[in-house]
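Asks: 3D, please:
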Amino acid sequence: MSTDHASAGLIDEYARGGAALPTDTVWALEAHLEGCARCRGLLAASVPAAAPGITALVDDVHAALRPQLDAARPLPLRRRRALRRPAWAAPAVAPWLLTAVGVVLLALLMDSGGSPDPLRRVSPLLLVAPVLPLCAAAAAWVPGLDPAHELTAATPRSGLPLLLRRTAAALAAVVPVLLAAGALTGAMTVAQWLLPSLAFTTTALALGSVVGVGRAAAALVAVWAAVVAAPVWATGRLPFVLRPEQLPGWALLFVLGAATVLARRRAYSAPRS
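Replies: Below you'll find the predicted structure:
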């Protein structure tokens with residue numbers, strides 16, 4: 001494929017089914033066709049000769065649907081614009097995000113309430129903040145929470161770009177709430193939880209290329225609860241992993257996770273639970 005347009009031979013091969021084309025070439029061509037009217041025109045002109053059976057099938061389907069198409073009313077302009085926007089979040093992820101916000105508010109209530117703090121010296125917010133963005137990001141990618149995940153996975157824009165868009169949307173919804181809660185209580189600095197949360201998120205995405213993002217997130221949350229949260233609840237001491245001198249280690253974990261996600265970007269061609 002050229003830098004500007006697909007070649008006629010490539011489009012003809014794609015119209016015949018593209019069985020001889022590499023998978024990455026097919027993905028690149030489909031992504032290019034989305035925004036190139038000229039190449040879509042070449043494809044439309046190539047299909048009758050390259051795949052007459054497909055042309056006949058499309059004509060039959062169009063003839064059968066023609067009465068319904070004529071009777072259908074066009075969508076309002078606002079809805080048509082909304083449908084053209086990229087899928088930044090799964091349709092059913094809102095309850096998970098609301099749950100994350102509810103957990104933050106509960107921790108904030110425990111931190112600022114009149115009753116004695118059960119953790120004595122460690123803010124409950126500091127314990128939940130590193131893993132909440134991770135849970136929200138995982139919920140945005142798990143197929144079971146997206147009724148349209150099969151259609152989404154079949155589009156040329158699926159895979160790593162979709163994963164990163166949905167992760168960014170989840171972080172954008174949860175992180176500001178944590179920032180506001182931390183500012184209200186003054187019990188935790190941003191670096192204490194933001195860097196660990198980013199490291200956890202990228203690690204879950206990296207492990208998700210092998211076992212699924214949902215399973216990876218659940219495992220990391222379980223490890224955090226058993227190794228960090230439970231001992232802190234018992235002792236009331238600031239966990240070693242959240243001390244300021246450990247921030248370079250979290251930064252290294254974040255970089256390694258991000259590098260692994262990029263290196264294994266082809267493993268995200270379809271969502272896994």
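Asks: Show the backbone phi and psi for Ala6.
Replies: Dihedral angles phi and psi of Ala6 (degrees, to the nearest 10) take the values phi -80, psi 150.
Asks: One more: Ala37?
Replies: phi -70, psi -30.
Asks: and it, how many residues sit next to it?
Replies: 8 (other Cβ atoms under 10 Å). All C-beta atoms are positioned from the backbone trio N, CA, C, and that covers glycine.
Asks: quick one, helices of the stretch 151-273 of the chain?
Replies: Assigned by DSSP state H, counting those that start in this stretch, the helices in the stretch 151-273 of the chain fall at 160-185, 190-211, 213-224, 230-235, 247-263.
Asks: Does anything pack onto the last one? Which helices or strands?
Replies: Applying 3 or more Cβ pairs under 8 Å, 6 or more residues apart in numbering; DSSP states H and E, one finds that helix 247-263 contacts helix 190-211.
Asks: Please save the CA atoms from the helix it packs on in CSV.
Replies: Presented in CSV, the C-alpha positions along helix 190-211 are these (Å, rounded to 0.1, in the frame of the first residue of the first chain):
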residue,chain,number,x,y,z
VAL,A,190,-0.6,12.6,44.7
ALA,A,191,2.7,10.8,44.0
GLN,A,192,1.9,8.3,46.8
TRP,A,193,-1.0,6.8,44.9
LEU,A,194,-1.0,8.1,41.3
LEU,A,195,2.3,6.5,40.3
PRO,A,196,1.3,3.1,41.9
SER,A,197,-2.1,3.2,40.2
LEU,A,198,-0.6,3.9,36.8
ALA,A,199,1.9,1.1,37.4
PHE,A,200,-0.9,-1.3,38.4
THR,A,201,-2.9,-0.3,35.3
THR,A,202,-0.1,-0.9,32.8
THR,A,203,0.9,-4.1,34.5
ALA,A,204,-2.7,-5.4,34.2
LEU,A,205,-2.9,-4.4,30.6
ALA,A,206,0.5,-6.2,30.0
LEU,A,207,-0.6,-9.4,31.8
GLY,A,208,-4.0,-9.1,30.1
SER,A,209,-2.4,-9.8,26.7
VAL,A,210,-1.8,-13.4,28.1
VAL,A,211,-4.6,-14.1,30.6
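Asks: Nothing else from me, thank you.
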